[in-house]
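Student: Task: produce atomic coordinates for the following.
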Amino acid sequence: MKLARYGLPGQERPALVDPDGQLRDLSALIPDLTATHLTPETLDALRALDPYRLPLVSDPVRLGAPFTGTQKFIAIGLNYRDHAREANLPIPERPVVFLKATSTIQGPNDPIIPPPGFSKLDFEVELGVVIGSVTRQIPVARALDAVAGYCLINDVSERALQMEAGGGQWALGKSCDTFGTVGPWLVTKDEIPDPQALTLWLDVNDERRQTGHTREMIFTVAQLISYLSHYMTLTPGDVIATGTPAGVAMGENPPRYLQIGDTIHAGCDLLGEQRQRVLAPGSSFSPC
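Tutor: Prediction:
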């Protein structure tokens, strides 16, 4: 099952995607798709619906983030061997964990608006894992039981803030507004039996810059969930961005960072595609 939200920012309505790829409105059944709707019981009820009996969303519409109410946006650094190599950093012995502000979250095709004075704007296509149940100290063997579904993420970064300012400010460099594009859909886990069998890619201005496969992760999705749950309680709606493969701008010689006017096109098997455009700092938000 694929779930989505559509409409203007702050006015999104819930929807599911029917077998023909058409949006079907769910707002007569639930007012919005929130973290509270990501539990197994609620997802089972939505899955039992006949999508063809739901109203068709016929006009082109903006897609928002596919759910709302995320409490924690957790990200994993250096989780692909080739990305660690291009960063000239050792393979980590345990997951590198940092947090992105939940205020970064936006729709999959919304523009990226960097902060004033940006200089090293970067992209990172990633598999996102969405938690569906309260999870504490879960073993690796059962960790995927905690998953509601998966989504595509572009973990945008301002590397000058992340790596240089004040000795390096990871949270700041990762948490600027518009730096967390999510969607187009939340794909429930029954459609993705193996999260380590997905291909990720990202183009900048129609040039392929990233290609990777989740089998190349250093720490699997199950290992990440288990590890995190031993230090923090995971709750429905929490998002884990699981790391990015090689090809980011920072890893090139010389680096080719994003510039105003650049376009980004990212995708992943079964999870759909995103498109963003980089606008100038201070630009008014204009949904794509």
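
Student: Nearest the middle, which residue of the chain would you pick?
Tutor: Ranked by distance to the mean C-alpha position of the chain (CA atoms, centre = their mean), the top residue is I153 at 2.4 Å.

Student: thought that residue was touching F123?
Tutor: No - I153 is beyond contact range of F123, at 10.8 Å (criterion: CB atoms under 8 Å). Any C-beta I mention is one placed from the backbone N, CA and C, and that applies to glycine too.

Student: Quick one: the helices in the stretch 51-200 of the chain, in order.
Tutor: 81-86, 159, 170-174 (DSSP state H, counting those that start in this stretch).

Student: what's the lowest-mean-pLDDT helix or strand in the chain packed up against?
Tutor: Within the chain, confidence by mean pLDDT, DSSP states H and E is lowest for helix 81-86 among all helices and strands, at a mean of 82. Counting contacts by 3 or more CB pairs under 8 Å, 6 or more residues apart in numbering; DSSP states H and E, helix 81-86 packs against no other helix or strand.

Student: tell me how far it is from the chain's mean position?
Tutor: From the chain centre to the centre of helix 81-86 is a distance of 20 Å (CA atoms, centre = their mean, to the nearest Å).

Student: which outside residues touch that helix?
Tutor: With contacts defined as CB atoms under 8 Å, 6 or more residues apart in numbering, helix 81-86 is touched by 78, 90-92, 212, 216, 218, 243-248, 251.

Student: Same check on stretch 245-262?
Tutor: Outside of stretch 245-262, the residues within contact range by CB under 8 Å, 6+ apart are 80, 82-83, 85-87, 112, 114, 119-125, 159, 200, 202, 204-205, 209-213, 216, 264, 277-280.

Student: Pass me the low-pLDDT residue ranges in the chain, would you?
Tutor: Low-confidence segments of the chain (pLDDT under 70): 285-288.
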